[in-house]
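Asks: How does the following fold in three dimensions:
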Amino acid sequence: MSIWQTQSWQDMLIASWQSEEYFMIERNVMSPDSSESGLENSPIFVEKRRVSLWEYGLFVIGFEWELGIDTQESLEALCKEENCLFIQVETIDYSGEKAENSCMKSGYYKKFIPPYTALIDLTQSEDDILKAMKPKGRYNIKVARKKWVVVEQVDTHIWNITKFHKLMSETTQRDAFAGNTLEYYKVFLESLDNAQLFFGHHDEELIAAWIFTVEWNVMTYYYGASSSNKRNLMAPYLLQWAAIEHAKKRGLEVYDFLGVAWDDEKNSSLAGVTSFKMKLSPKKYLVSQSYIYVNKKNKYQIIKILRKLKK
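Replies: Numbers count the residues shown, from 1 in each chain. Below you'll find the model as predicted:
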């Protein structure tokens, strides 16, 4: 089960005003990794979000298997029942195999899971994980250790969340991207069952802070912030390595950097962080595909045109 298909994720979206409500529909789909061809019978969480021109869209985020015909028909029926503009499905698959979905149209309104990411196979030894990194990645981890950067997991008390938010505000201003409010990070860390906060200090000064999520056998690097001070200490690299060690001790199998730009995506919003992530992981993977069923075709086309004009 992915983090996006959990009850706590849906509760977090409601509490942070990102979705209006959610629905649960039953699924009966074949699990691709089941040697006995067993069927998974757990609910699909469907988010209802306001999109544009007073319309709502339905979103199924982080669906782990191919949609069966019956499940697709149930989703389309829900879309019509709720009189929504469309329903969008985003898959998540760490196997490296491209899923096929021939019934829903490929495409999306807004992508929540980046299509490509960097992964680390945590079933390897720590030595093998380090060997697979680029030399600069290993070197930067050593630099941070040599300079006495200290990494620790901290509790999610509001005091620590406030410190994270302050550092994140510094990061967003420096690197020119949008951040979130203090209240959002508070809800995120308090609502999710396995959200974790790590700090990197030097001489008691907070210089890096990371938020991770853990679900099933996957640890995901969700949010990261770093100080403009002491950047030569390479704290973000040691913080990532500490999280990888933590995930291995928990017996997890996959470490997900949650998004990198593909080689030809020079203008991607992820272009700036891709170089950092790829120093720690040897390969890019296609992990998410998107499919959409449009219920109100004419209005959807109008909204698409308006969105293009805004860019």
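Asks: hey, where'd the helices end up in the stretch 1-150 of the chain?
Replies: When assigned using DSSP state H, counting those that start in this stretch, the helices of the stretch 1-150 of the chain occupy the ranges 7-15, 69-81, 126-132, 135-146.
Asks: domains of the protein?
Replies: What automatic domain parsing lists as the domains of the chain is 3-113+288-310, 117-286.
Asks: so who does G272 touch?
Replies: Contacts for G272 (CB atoms under 8 Å, 6 or more residues apart in numbering) come out as D175, F177. The way it works is simple: take the backbone N, C-alpha and C, and place the C-beta from them, glycine included.
Asks: next one: L252
Replies: L122, V214, N217, V218, M219.
Asks: I'd like those laid out as TSV, including neighbour count.
Replies: Listed next are the contacts of L252 as TSV, based on neighbours: other CB atoms under 10 Å:
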residue	neighbour count
L122	21
V214	18
N217	15
V218	20
M219	25
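Asks: farthest pair in these?
Replies: L122 and V214 (11.6 Å; CB to CB).
Asks: which neighbours do those two share?
Replies: Contact criterion CB under 8 Å, 6+ apart; residues shared by L122 and V214: A247, L252.
Asks: which residues are contacting the helix or strand harbouring L197?
Replies: Using DSSP states H and E, L197 sits within strand 195-202. If you take CB under 8 Å, 6+ apart as the criterion, strand 195-202 is touched by 144, 147-156, 160-161, 163-164, 188-189, 206-214, 222, 230, 233, 235-236, 238-239, 242-243.
Asks: So which of the residues you listed sit within helices?
Replies: Mapping those onto helices (DSSP state H) picks out 144, 160-161, 163-164, 188-189, 235-236, 238-239, 242-243.
Asks: what's the closest of the contacts of L252 to Q88?
Replies: Of all the contacts of L252, Q88 sits closest to V218, with 21.9 Å by CB to CB.
Asks: Quick check: which of the helices of the stretch 1-150 of the chain is nearest to I25?
Replies: Minimum separation from I25 across the helices of the stretch 1-150 of the chain (CB to CB) falls at helix 69-81, 5.2 Å.
Asks: Other residues contacting the closest one?
Replies: 23, 25-29, 44, 46, 58, 60, 67, 86-87, 89, 103-104, 293, 295.
Asks: Swap in 6 Å and give it another go.
Replies: Contact partners of helix 69-81, identified using CB atoms under 6 Å, 6 or more residues apart in numbering, comprise I25, R27, L58, I87, C103, Y293, N295.
Asks: and the third one, how many residues sit next to it?
Replies: Other residues lying near L58 total 25 when counted by other CB atoms under 10 Å.
Asks: wouldn't it be in contact with R49 here?
Replies: No: between L58 and R49 there is no contact under CB atoms under 6 Å: 7.9 Å.
Asks: so where's the chain uncertain?
Replies: Residue ranges of the chain with pLDDT under 70: 28-41, 97-103.
Asks: Mind listing the strands the strand holding L197 pairs with, and their directions?
Replies: Applying DSSP bridges, strand 195-202 is found paired with strand 150-154 (antiparallel), strand 205-215 (antiparallel).
Asks: right, and those - which one's nearest L13?
Replies: For L13, the closest of the strands paired with strand 195-202 is strand 205-215, at 13.6 Å, according to CB to CB.
Asks: Give the buried residues for the closest one.
Replies: By 16 or more other CB atoms under 10 Å, the buried positions in strand 205-215 come out as L206, I207, A208, A209, W210, I211, F212, T213, V214, E215.
Asks: Can I get the residues you listed in JSON lines including distance to Y108?
Replies: Shown next, in JSON lines, are these (distance: CB to CB, whole Å):
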{"residue": "L206", "distance to Y108": "37"}
{"residue": "I207", "distance to Y108": "37"}
{"residue": "A208", "distance to Y108": "32"}
{"residue": "A209", "distance to Y108": "31"}
{"residue": "W210", "distance to Y108": "28"}
{"residue": "I211", "distance to Y108": "25"}
{"residue": "F212", "distance to Y108": "26"}
{"residue": "T213", "distance to Y108": "22"}
{"residue": "V214", "distance to Y108": "26"}
{"residue": "E215", "distance to Y108": "22"}
